[in-house]
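Engineer: pasting the structure only:
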């Protein structure tokens, strides 16, 4: 790790995330990483509520990770910045924003459950951000652990290309160590904390399997390297350095994902995994130069990971600390960020003074003078900078690609219990929304009611709990409600004229728009986070250029409330095809109003329908309960997608179920399976609501 004033050797930096499905053992694995790298001297366990990275009270009570925690550690003389991310689908934004700034990831799988739904989601997110990754099959000591099935599922479920580089020495309670296929030795981890690492010859009973697996590994690696392919075909020996070099390049290029195994809880295999993080995952120098745009000219720019380049940093996370205020986590892509200097927030066009810079150690922090290219740290005291904002040199500005987040699918009303609580609640909700981009606040003017929206019941439950504990706000919370959407089902052409005469110059705008439902091809053109396509097809200047943008804004604003029950309108393609203006009376405001009126009339006439969020649900239950669970899911309007046996005599049932039918399902499942069932759920898509349910929703309005 670089000492004060010393230049950081970027070849010796690894920015990695530990990502996985809930309960696969990410936090336990991170805890072992901290212990073996000397960052902590006593391991805290998740089930005892003492994990270092789970420092929020809610995390300790529930035994889950809610916020991504960033920690700096050291291994073999390399600086490793580790981010332990949440696995619960409600906190998917935490994973997304972490992946945006990471160079590599370790995906942790449960050896019994295999590839679970949230593993699929994080894998997909890692693909989107092109993050190279290793796989760590954890919990090899559990009854029902099956390493090979887990590897097969990586191919079937997520379309990965796993290359096994270590196999277990026995599975289940007999699990005794890891056979390393690169060095061809059996590695055992002895002592209370597995500190004593011993390398033995591979036992006779495992030698044939190890040799076969090694040949498979070499074949998969050399096919990505022409020089080694030739060597292999000629029957020449491939050295360890050549093999690791080719494997590292193929991993960085996302062609393969090396697979290791172990048991974090039993302290077996984590050190070997750390070695391979250093050997195979990229440094900031192995990642292509980051690209962005000039904030004024939209000219494409790029920045290399060098201190001599102009400064460019991305803020990927905000935490409100009750003692020190707002902490902004950031990744420096180029240049150096120094305490006391000034930078420009190019996203908002605001200047920011960099006060204190701290290196994070979960919830403990250490002041540093500067952060160099390729590194991750946190800044205290930024006023205008939030998640996804870029900080750069004022003289050489750049806006880096923003992080896009999914829209909330669930909402509930919240009322303060007293006048004093009302003032505090506004501040608390604003602070929490600054931290969490998937948490939205909406005030209903008609009812004078505050609604909060999020990714799931647990998400909003945690928000309300934090509001009460951290901000001392007492509030009454309504029942969760589904965040419906509205869309259209047919093509219409609408001709709208807005005309108003009020003494002096009036207001005039004519807009002709064609509206139609979006096709799959249209959706591919959408920018991240958008669900509406606008095409300007004005010919011959019937509407001057300066009035096109206001028309677009009017249409877009009107989409926030549909005609059936006031829910946002999505999935619409609008084509502005004709119009008219008046030399004196036309204005931007007139065209904005006309655009808004046009959209409202268009949705009304284009066969509007209500949409509801459909969830991908996976239920894991003992075989005896399969029939009753399938029956229950069908009664909830669920469509069963598939069933497959899992280790330990349990069955996994996959289904698509409307979110509105899943409230309170956890209690129901517990009762039906005597507490032996578990389930996970994530948003899949929006689908049309059956008419009788739509009528009910429309009747009750918003």
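Structural biologist: Thanks, I have the structure now. Note that the structure is a prediction, hence the values are computed from the model and not measured. Numbering: from 1, shown residues only.

Engineer: which SS state does residue 430 fall under?
Structural biologist: Secondary structure for residue 430, judged by DSSP: H, G, I helix; E, B strand; the rest coil, is helix.

Engineer: If we ignore the residues flanking it in sequence, what's nearest it?
Structural biologist: Spatial nearest neighbour of residue 430, chain neighbours left out: residue 441 (7.5 Å); criterion: Cβ to Cβ, 6 or more residues apart in numbering. All C-beta atoms are positioned from the backbone trio N, CA, C, and that covers glycine.

Engineer: just checking, the one you found is part of a helix?
Structural biologist: No: applying three-state DSSP, one finds residue 441 to be strand, outside a helix.

Engineer: give me the beta-bridge partners of it?
Structural biologist: Applying DSSP bridges to residue 441 gives these bridge partners: residue 452.

Engineer: and it, how many residues sit next to it?
Structural biologist: By other Cβ atoms under 10 Å, the residues close to residue 441 number 16.

Engineer: List the contacts of it.
Structural biologist: Shown in contact with residue 441 (Cβ atoms under 8 Å, 6 or more residues apart in numbering): 429-430, 433, 450-453.

Engineer: So which of those residues sits lowest on pLDDT?
Structural biologist: Sorting the contacts of residue 441 by pLDDT puts residue 433 at the bottom of the list (81).

Engineer: Distance of that residue relative to residue 382?
Structural biologist: Using Cβ to Cβ, to the nearest Å, residue 433 is found at 16 Å from residue 382.

Engineer: And for residue 300?
Structural biologist: Residue 300 is 27 Å from residue 382, by Cβ to Cβ.

Engineer: For stretch 552-567, measure first residue to last.
Structural biologist: Taking Cα to Cα, to the nearest Å, the first and last residues of stretch 552-567 lie 19 Å apart.

Engineer: ugh, typo on my part, it should be stretch 645-654
Structural biologist: Using Cα to Cα, the end-to-end distance of stretch 645-654 comes out at 11 Å.

Engineer: before we move on, back to that, most neighbours among the contacts of residue 441, which one?
Structural biologist: Of all the contacts of residue 441, residue 452 has the most neighbours under the rule other Cβ under 10 Å, reaching 25 neighbours.

Engineer: That one against residue 414, yeah?
Structural biologist: Yes: counting by Cβ atoms under 8 Å, residue 452 touches residue 414, with 5.6 Å between them.

Engineer: which neighbours do these two share?
Structural biologist: By the contact definition Cβ under 8 Å, 6+ apart, residue 452 and residue 414 are jointly contacted by residue 464.

Engineer: hey, which strand is longest across this structure?
Structural biologist: Ranked by residue count, the top strand of the chain under DSSP state E comes out as strand 609-622.

Engineer: Okay, buried residues for that one please.
Structural biologist: By 16 or more other Cβ atoms under 10 Å, the buried positions in strand 609-622 come out as 609-621.

Engineer: for stretch 200-219, same thing?
Structural biologist: By neighbour count with 16+ other Cβ under 10 Å, stretch 200-219 contains the buried residues 202, 206, 210, 213-214, 217-218.

Engineer: Need the contact partners of that stretch.
Structural biologist: Contacts of stretch 200-219 (Cβ under 8 Å, 6+ apart): 163-165, 167, 169, 179, 181, 184-188, 232, 238, 243.

Engineer: Could you pick out the buried ones from those?
Structural biologist: Buried among these by 16+ other Cβ under 10 Å: 163-165, 167, 169, 179, 181, 185-188, 232, 243.

Engineer: pLDDT added to the residues you listed, as TSV?
Structural biologist: Below are the buried ones among the contacts of stretch 200-219 laid out as TSV (pLDDT from 0 to 100):
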residue	pLDDT
163	97
164	97
165	97
167	97
169	96
179	97
181	96
185	96
186	97
187	96
188	96
232	87
243	94
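
Engineer: Tell me which two of those sit farthest apart.
Structural biologist: 188 and 232 (30.8 Å; Cβ to Cβ).

Engineer: And the next helix or strand past the lowest-mean-pLDDT helix or strand in the chain?
Structural biologist: When the helices and strands of the chain are compared on mean pLDDT, DSSP states H and E, helix 57-62 comes out lowest with a mean of 39. Next along the chain after helix 57-62, taking DSSP states H and E as the criterion, comes strand 69-75.

Engineer: Quick one: list the elements packing against that next one.
Structural biologist: helix 26-36, strand 78-84, helix 270-280, strand 356-361, strand 376-380 (3 or more Cβ pairs under 8 Å, 6 or more residues apart in numbering; DSSP states H and E).

Engineer: Quick one, which of the ones you listed gets closest to residue 693.
Structural biologist: Among these, helix 26-36 sits nearest to residue 693 (Cβ to Cβ), with 38.0 Å.
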